[in-house]
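>>> Build me a structure from this.
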Amino acid sequence: MSVTSVAENWVEEAAALTQPSRVVWCDGSKAEYDSLIEAMLRDGTLIGLNQRTYPNCYLHRSHPQDVARTEQLTYICTRDKDDAGPTNNWMAPADAKQKAGAYFKGSMKGRTMYVIPYLMGPAGSSMSRVGLMVTDSEYVVASMHIMTRVGQVAVQHMRSDEDFVAGLHSMGDLSPDRRLILHFPEEKLIWSVGSGYGGNALLGKKCHALRIGSSQARQEGWLAEHMLIIGVEDPEGRITYLAAAMPSASGKTNLSMVVSSLPGWRAWTVGDDIAWIHVDQNGQLRAINPERGFFGVAPNTSPKTNANATQMVRSNTIFTNVAMTPSNEPWWEGLTSEPPAGLIDWQGRPWDPSKGLAAHPNSRFTVLASQCPSIAPNWEEPQGVPISGLIFGSRRTKVVPLVFEAFDWTHGVFLGSAMSTETTAAITGQVGVVRRDPMAMLPFCGYNMADYFAHWLQTGSRVAKPPTIFRVNWFRKDDAGKFLWPGYGDNMRVLKWMVERIQGSRRDAEETPVGWIPRPGDLDTSGLSLTPAQLKEALRVDAQEWLGALDDLEGFYGQFGKRLPAAIATKLADTQRKFRS
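Next up is the predicted model:
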């Protein structure tokens, strides 16, 4: 494989630090993937599943203390602390390298160092970017085969000798006390040690595509976002493309593959997790999905909630931390109405329901995007798809209505910056706590978030016709704790309203201090057992609830000081004034 001297030198430096027994450059071939699978089956890293019902599917069990992103051990390492900002953990680059270097020293003794040249984005796209990762984990290599485009295709897309994001990963000894995930945006460098979990170890994903990617995007004038991309096709055959930002495990994957309950309407999947968005020469926002595969949350994925996902993982899939049936099939909570007898839990023990769930709440599947039944025919279009609408959505049981539309681009950026969500098992820590998560990027923005808001505002000024921005909340509940909106396939009814607003075929809506909200009758609820009172409650804007939320938001903004864009502070003050009047 032909690579640059800069890349070769970096790999040699990584090998000198970690001291592997051998170095293997990956070519991305099927033969290479198959040999990795065979080796992991032999040493027990993978367990073969039922090859009749789940051909080429395997189960991986990670260490019980290595099952989710560890945000408290994730750092942005910039020379100036203010450039990382108050929402990121910060460590000085020299200190970070000294501390992690001690963990890396000799960490690959007796192991193979795999060198993975990988491409984020479609081949032939000027939006795509290159990474070069080294790792001592065969599981990571196989997963990167699925999630990225590995091999010579990556090298061919380098724009210069040093045009790559460098990633050093080692499993180390998997001790949480010797675990760090470090990002050096100024060097386009990632160091990750002590974890084999996807979000910490598959460096092309959150580390490169978002944390380093967002910093690179700011420098180069584009956006790297935690967003799905879908095309909504109406009965006339017109396709409207939207990108949506939603925190992990809050319905993003389900929306990206939604099966419409409305006759004549359907959704096409372009991406489920990450969008790289550029302004083209005509001032049009265009987005690519930089990933090749899906790393989805398994629990509550079922034929009812996500028929496309359950179908696509029936072959060529690596499952992580799910349970296993006596017939060696994968299982997780929500897959079937009742758990089958004789389950083996995610830690390899006979399942005892009194001791917890059978599958880990953050168990995963890794599968090629091309296997998704709803994958768009143009999902690898090098120019990207034209984005006409942006959606910000999060899990809130109260306060936030089912759907509303921003007044303009600046107001939409304010709504995204104001987003909060209830935490899930996708990160370590307490579940169900409301926390700020602007644009679903709180764990992933690789620089000061106030500067990130400013970059969004500036990007809008370069767009000839800015996309319409919406806010959604599928998870609002009534006083009895029941969901007010049916969700899943019926979310197409909300997407229909958005598309009609974008196209101008539906002009009327109710103006509220937070934006335009559908009036009774604006949403197509035909065939739903949804009462007018339930719909009204799902769309309700309560002044006192919002004033409390806005006061809390004011405190969040305060930590950014003078770096907070004036336009964002003005929108907050305007919204507070409208409610109080």
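>>> From Ser35, how far off is the residue lying closest to Leu530 once chain neighbours are set aside?
Distance criterion CB to CB, 6 or more residues apart in numbering; nearest residue to Leu530, sequence neighbours excluded, is Pro486 at 7.1 Å. No exception for glycine: its C-beta is placed from N, CA and C like everyone else's. Going from Pro486 to Ser35 by CB to CB, to the nearest Å gives 47 Å.
>>> Repeat that for Gly446.
The value you get for Gly446 to Ser35, if CB to CB is used, is 35 Å.
>>> which one of those two has more residues nearby?
Gly446 (27 against 13; other CB atoms under 10 Å).
>>> That one: what's it in contact with?
Gly446 makes contacts with 76, 88, 183, 185, 210-215, as judged by CB atoms under 8 Å, 6 or more residues apart in numbering.
>>> what do you get for Tyr452?
For Tyr452, the contacting residues are 214, 218, 438-439, 441, 445, taking CB under 8 Å, 6+ apart as the criterion.
>>> Check the secondary structure at the residue nearest to Leu530 for me.
Secondary structure, DSSP: H, G, I helix; E, B strand; the rest coil: Pro486 is coil.
>>> Next, count neighbours for it.
Here the number of neighbours of Pro486 (other CB under 10 Å) works out to 16.
>>> what about it, distance to Leu535?
Following CB to CB, the distance that separates Pro486 from Leu535 is 11 Å.
>>> cool, and Arg577?
As judged by CB to CB, Arg577 and Leu535 stand 29 Å apart.
>>> Please apply the same query to Ser215.
43 Å.
>>> And the helices in the stretch 401-550 of the chain?
Listed in chain order, the helices found in the stretch 401-550 of the chain under DSSP state H, counting those that start in this stretch are 409-417, 449-461, 491-503, 532-538, 543-558.
>>> Buried deepest among those helices, which one?
Across these, averaging neighbours per residue (mean count of other CB atoms under 10 Å) puts helix 409-417 on top, at a mean of 23.
>>> Kindly calculate the angle that that helix makes with helix 543-558.
Helix 409-417 and helix 543-558 are oriented at 90 degrees to each other (axes from the mean of the first three to the mean of the last three CA atoms, to 10 degrees).
>>> So which elements touch helix 409-417?
Using 3 or more CB pairs under 8 Å, 6 or more residues apart in numbering; DSSP states H and E as the contact criterion, the neighbours of helix 409-417 among helices and strands are strand 385-393, helix 449-461, strand 468-472, helix 566-580.
>>> what would the ones you listed look like in a markdown table with distance to Val403 and mean pLDDT?
Written out in a markdown table, the entries for these read as follows (distance: least, CB to CB, whole Å; pLDDT from 0 to 100):
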| stretch | distance to Val403 | mean pLDDT |
| --- | --- | --- |
| strand 385-393 | 9 | 98 |
| helix 449-461 | 21 | 98 |
| strand 468-472 | 5 | 98 |
| helix 566-580 | 17 | 97 |
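>>> would you turn those into CSV with distance to Asn289?
As requested, the helices and strands packed on helix 409-417 are exported to CSV (distance: least, CB to CB, whole Å):
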stretch, distance to Asn289
strand 385-393, 9
helix 449-461, 19
strand 468-472, 20
helix 566-580, 28
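>>> Which one, of these, ends up nearest to Asn378?
strand 385-393 (6.6 Å; CB to CB).
>>> what pairs with the closest one, and is each one parallel or antiparallel?
Within its sheet, strand 385-393 is paired with strand 239-245 (parallel), strand 285-288 (antiparallel), strand 468-472 (parallel), according to DSSP bridges.
>>> which residues sit against that strand?
Under CB under 8 Å, 6+ apart, the answer for strand 385-393 is 227, 229, 231, 240-246, 250-252, 255, 270, 277, 284-288, 376, 378, 412, 415-416, 419, 439-440, 467-474, 498-499, 502.
>>> Secondary structure of Asp177: a strand, I assume?
No. Residue assignment for Asp177, taken from three-state DSSP, gives helix, which places it outside any strand.
>>> Give me the residue at the spatial middle of the protein.
Central residue check for the chain by CA atoms, centre = their mean: the C-alpha nearest the mean position is that of Asp273, 3.7 Å away.
>>> Enumerate every residue touching it.
If a contact means CB under 8 Å, 6+ apart, then Asp273 has 205, 226-228, 252-253, 256, 291, 294-295 as its contacts.
>>> Next one: Leu189 from Ser215, what distance?
The separation that Leu189 has from Ser215, given CB to CB, amounts to 11 Å.
>>> more neighbours, these two?
Between Leu189 and Ser215, Ser215 has the larger neighbour count (other CB under 10 Å), namely 24 against 18.
>>> contacting residues for that one?
Applying CB under 8 Å, 6+ apart, one finds that Ser215 lies in contact with 185, 446-447.
>>> Could you dump the residues you listed into CSV with distance to Leu523 and pLDDT added?
Written out in CSV, the entries for these read as follows (distance: CB to CB, whole Å; pLDDT from 0 to 100):
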residue, distance to Leu523, pLDDT
Pro185, 42, 98
Gly446, 38, 98
Tyr447, 38, 98
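>>> so which of the residues you listed comes closest to Thr45?
Gly446 (30.9 Å).
>>> For that closest one, give its distance to Pro64.
The separation that Gly446 has from Pro64, given CB to CB, amounts to 30 Å.
>>> repeat for Lys206
From Lys206 to Pro64 the distance is 22 Å (CB to CB).
>>> Comparing the two, which shows the higher neighbour count?
Neighbours of Lys206 and Pro64, each counted by other CB under 10 Å, are more numerous for Lys206; the result is 25 against 11.
>>> tell me the SS of the more buried one?
Of the three states, Lys206 takes helix under three-state DSSP.
>>> re the thing from before, want to throw the helices of the stretch 401-550 of the chain into a markdown table with distance to Gly199?
As requested, the helices of the stretch 401-550 of the chain are exported to a markdown table (distance: least, CB to CB, whole Å):
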| stretch | distance to Gly199 |
| --- | --- |
| helix 409-417 | 22 |
| helix 449-461 | 19 |
| helix 491-503 | 26 |
| helix 532-538 | 32 |
| helix 543-558 | 24 |
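>>> Can you list the low-confidence ranges for the stretch 401-550 of the chain?
By pLDDT under 70, the low-scoring segments of the stretch 401-550 of the chain are 424-432.
>>> Please identify the deepest-packed of the strands paired with strand 385-393.
Ranked by mean neighbour count, the strands paired with strand 385-393 are led by strand 285-288 with a mean of 25 (mean count of other CB under 10 Å).
>>> And it, how far out from the chain middle?
When C-alpha coordinates are averaged (CA atoms, centre = their mean, to the nearest Å), strand 285-288 and its chain have centres 16 Å apart.
>>> pLDDT on it, on average?
Model confidence over strand 285-288 averages 98 on the pLDDT scale.
>>> List of residues touching it?
For strand 285-288, contacts defined as CB under 8 Å, 6+ apart pick out 121-122, 125, 127-128, 227, 229, 241, 243, 270-271, 275-280, 381-387, 463, 466-467.
>>> For PyMOL, what selects the buried ones among the residues you listed?
Once 16 or more other CB atoms under 10 Å is used to decide burial, the buried members of the contacts of strand 285-288 can be selected in PyMOL as follows:
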select buried, resi 121+122+125+127+128+227+229+241+243+270+271+275+276+277+278+279+381+383+384+385+386+387+463+466+467
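>>> In strands, which of the contacts of strand 285-288 appear?
Helix and strand membership here follows DSSP state E; of the contacts of strand 285-288, those in strands are 227, 229, 241, 243, 270-271, 275-279, 385-387.
>>> Quick check: closest non-adjacent residue to Arg149.
Computed as CB to CB, 6+ apart, the closest residue to Arg149 that is not its neighbour in sequence is Leu119, at 4.1 Å.
>>> what's across from that neighbour in the sheet?
Val130, Arg149.
>>> OK, contacts around it?
Contacts of Leu119 were listed using CB under 8 Å, 6+ apart, and they are 128-131, 148-150, 153-154, 157.
>>> Is it possible to get JSON lines of those residues that adds pLDDT and distance to Leu368?
Output for the contacts of Leu119, formatted as JSON lines (pLDDT from 0 to 100; distance: CB to CB, whole Å):
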{"residue": "Ser128", "pLDDT": "98", "distance to Leu368": "17"}
{"residue": "Arg129", "pLDDT": "98", "distance to Leu368": "20"}
{"residue": "Val130", "pLDDT": "98", "distance to Leu368": "20"}
{"residue": "Gly131", "pLDDT": "98", "distance to Leu368": "18"}
{"residue": "Thr148", "pLDDT": "98", "distance to Leu368": "11"}
{"residue": "Arg149", "pLDDT": "98", "distance to Leu368": "11"}
{"residue": "Val150", "pLDDT": "98", "distance to Leu368": "13"}
{"residue": "Val153", "pLDDT": "97", "distance to Leu368": "15"}
{"residue": "Ala154", "pLDDT": "97", "distance to Leu368": "17"}
{"residue": "His157", "pLDDT": "95", "distance to Leu368": "20"}
